[in-house]
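*Asks:* Coordinates for the following, if possible.
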Amino acid sequence: MKNCIIREGKKLIEKENGHVFRMTGINLVTPVGINPFQEDNEADYRLMSEIGMNTARIQMEYSWFEDDDAPFIYKETGFRLLERYIALGKKYGIRLVLDMQHPQSGFQGRNGVFWEEGCPLQQRFLALWEAIAKRFSGEEYVIAYDLINEPAIQGRDREEAERKLAEYYGLLSRTIERIRLHDPEHLIWVETPFMIIGQNLYSDENETRLIIPPVPDENVIYDFHMYHPGAFTHQGCVFPDFANYPPVPRDEGWLDQTEGFFHPAINLGGQPVNYSGEGEDLAEIRKVLKMQYGAIYARNFPCVCGEFGICSEAAEHGGIQWVEDVTDCLDEGEVIYWYVSMQGDSPRDQFNLFRTPLAQNLHWRLVG
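*Replies:* Numbers count the residues shown, from 1 in each chain. A predicted model of the protein is given here:
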């Protein structure tokens with residue numbers, strides 16, 4: 001590629017001229033209940049360009065490309081959808097990160113067996129990434145491959161968690177090897193997993209650990225997400241029923257999550273959770289963020305806060321201050337950050353940037 005974006009130490013560089021490239025962007029999602037193959041989202045790209053953004057993270061679903069009853073047989077509809085997004089990106093000056101938001105394992109690898117050695121779903125995951133890399137190798141308006149969104153490594157005890165973590169490391173290495181067979185240049189985007197020792201993913205009693213996965217590649221950017229504290233940022237949210245995820249694919253291979261939602265995912269007993277922006281609240285936010293980006297920078301890699309945001313209900317309980325404090329701390333650490341999201345990602349548009357009071361306050365922060 002003539003002008004791809006590559007890693008040089010902690011910076012991203014334009015290969016053609018050596019200039020530092022600063023990503024300014026947002027997560028671009030298809031709202032729940034909308035068929036992406038029928039959605040006309042050119043207005044999103046136009047708005048991103050008008051605001052001054054230059055990148056967007058596309059949240060893909062494996063079902064765009066492959067049906068469960070026909071594994072390894074890839075559908076042109078999924079590739080043509082990405083090609084349509086790339087064409088819009090070229091028209092409006094928006095480069096794309098291709099993020100595997102919903103892999104064959106379900107959201108976050110939550111089906112319980114994906115991190116087991118020999119899991120057949122891993123072979124489908126590897127083959128799909130190889131097919132994507134083969135198709136888009138040489139495409140300058142694809143900036144990176146985000147291998148898997150928010151990998152959750154969960155074990156009932158430490159031994160099980162460590163075993164699954166080792167398998168995750170191996171899967172990352174194998175995925176990169178398959179991509180590099182066809183694409184030696186695109187950035188590899190690696191998300192920091194969260195390893196949980198305990199029964200309940202969202203229990204405060206779990207033992208958790210920050211992990212920066214080692215990978216056999218130098219052209220890598222690391223990503224962490226910021227929704228801390230979850231009881232505040234996600235208050236009143238609805239989420240897919242992970243026990244029955246993913247739902248049955250609809251026409252043309254998209255996952256209509258509408259029927260898989262329940263409310264509330266985080267039961268607050270009707271009591272709002274407030275963020276003060278002072279004292280312990282602010283200190284906790286800064287501690288969590290500095291721990292994340294500090295660990296990545298210590299290894300001399302670039303990093304991005306690939307997702308952060310609040311639901312619409314949190315906006316009225318200190319959410320604007322929370323966003324300002326998070327972006328202040330990330331600016332202080334010279335960390336790239338992307339809000340979730342351009343459009344809402346649930347039946348209630350709960351994380352929609354333009355459906356909360358954030359719209360007027362945040363645009364200028366996102367583009368620096």
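
*Asks:* does Ala152 really touch Pro193, like I thought?
*Replies:* Yes - between Ala152 and Pro193 a contact is recorded at 6.9 Å, counting by Cβ atoms under 8 Å. Every residue, glycine included, has its C-beta placed from N, CA and C.

*Asks:* Give me the more crowded residue out of those two.
*Replies:* Under the criterion of other Cβ atoms under 10 Å, the comparison of Ala152 against Pro193 puts Pro193 first, with 26 against 20.

*Asks:* so how far is Val326 from that one?
*Replies:* 21 Å (Cβ to Cβ, to the nearest Å).

*Asks:* For Pro120, grab the count of nearby residues.
*Replies:* Neighbour number of Pro120 under other Cβ under 10 Å is 10.

*Asks:* where do the strands sit along the stretch 101-250 of the chain?
*Replies:* Taking DSSP state E, counting those that start in this stretch to define them, one finds strands in the stretch 101-250 of the chain at 142-146, 152-155, 187-191, 194-197, 207-210, 220-226, 239-240.

*Asks:* Stretch 67-82: how far from the chain's middle?
*Replies:* 21 Å (Cα atoms, centre = their mean, to the nearest Å).

*Asks:* What's the end-to-end length of it?
*Replies:* Stretch 67-82 has an end-to-end distance of 17 Å (criterion: Cα to Cα, to the nearest Å).

*Asks:* Would you mark the buried spots in that stretch?
*Replies:* Neighbour counts using 16 or more other Cβ atoms under 10 Å place Tyr74, Lys75, Gly78, Phe79, Leu81, Leu82 of stretch 67-82 among the buried residues.

*Asks:* okay but the last one is in contact with Phe65, surely?
*Replies:* Translated: Leu82. No - applying Cβ under 8 Å as the test, Leu82 and Phe65 come out as separate, 9.2 Å apart.

*Asks:* got any residues that touch both of the two?
*Replies:* Taking Cβ atoms under 8 Å, 6 or more residues apart in numbering as the criterion, Leu82 and Phe65 both touch Ile132.

*Asks:* for the stretch 1-150 of the chain, what are the low-confidence residue spans?
*Replies:* In the predicted model, the stretch 1-150 of the chain carries pLDDT under 70 at residues 32-33, 110-112.

*Asks:* Now with 80, please.
*Replies:* Applying pLDDT under 80 to the stretch 1-150 of the chain picks out residues 1-2, 30-34, 106-113, 117.

*Asks:* go on, the stretch 251-368 of the chain?
*Replies:* Within the stretch 251-368 of the chain, the segments meeting pLDDT under 80 span 251-271, 312-313, 341-368.

*Asks:* For the stretch 101-250 of the chain, just list every one of the helices.
*Replies:* For the stretch 101-250 of the chain, the helices defined by DSSP state H, counting those that start in this stretch occupy 120-136, 158-180, 230-233.

*Asks:* With distance to Ala298 as extra columns, can I get these in JSON lines?
*Replies:* As requested, the helices of the stretch 101-250 of the chain are exported to JSON lines (distance: least, Cβ to Cβ, whole Å):
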{"stretch": "helix 120-136", "distance to Ala298": "28"}
{"stretch": "helix 158-180", "distance to Ala298": "19"}
{"stretch": "helix 230-233", "distance to Ala298": "26"}
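
*Asks:* So what touches stretch 130-138?
*Replies:* Identification of contacts with stretch 130-138 by Cβ under 8 Å, 6+ apart yields 1, 65, 74, 79, 82, 86, 98, 142, 145, 178-183, 185-186.

*Asks:* Go again with 10 Å.
*Replies:* Applying Cβ atoms under 10 Å, 6 or more residues apart in numbering, the contact partners of stretch 130-138 are 1-2, 4, 60, 65-66, 72, 74, 78-79, 82-83, 86, 96, 98, 100, 142, 145, 175-186.

*Asks:* Now the residue nearest the centre of the chain: phi and psi?
*Replies:* Nearest to the mean C-alpha position of the chain, by Cα atoms, centre = their mean, lies Asn149 at 4.8 Å. Dihedral pair for Asn149: phi -80, psi 130, per degrees, to the nearest 10.

*Asks:* would you say Leu47 is within a helix?
*Replies:* Yes - assigned with DSSP: H, G, I helix; E, B strand; the rest coil, Leu47 falls within a helix.

*Asks:* before we move on, the earlier item: and for Ala152 and Pro193, which residues touch both?
*Replies:* Common neighbours of Ala152 and Pro193, counting by Cβ under 10 Å, 6+ apart, are Gln108, Gly109, Trp115, Lys164, Tyr168.

*Asks:* And those residues, which is closest to Gly319?
*Replies:* Closest approach between these and Gly319, by Cβ to Cβ: Gln108, at 24.0 Å.

*Asks:* Is the closest one in contact with Tyr168, as I believe?
*Replies:* No - counting by Cβ atoms under 10 Å, Gln108 sits too far from Tyr168 to count as a contact (11.6 Å).

*Asks:* list the residues that contact both of the two?
*Replies:* With Cβ under 10 Å, 6+ apart, Gln108 and Tyr168 have common neighbours Phe114, Ile148, Pro151, Ala152, Ile153, Pro193.

*Asks:* Nearest to Tyr45 among the residues you listed?
*Replies:* Distance to Tyr45, by Cβ to Cβ, is smallest for Ile148 among the shared contacts of Gln108 and Tyr168, at 25.2 Å.

*Asks:* Report the contact partners of that closest one.
*Replies:* Counting by Cβ under 10 Å, 6+ apart, Ile148 touches 99-103, 105, 108-109, 114, 125, 129, 168, 171-172, 175, 189-191, 193.
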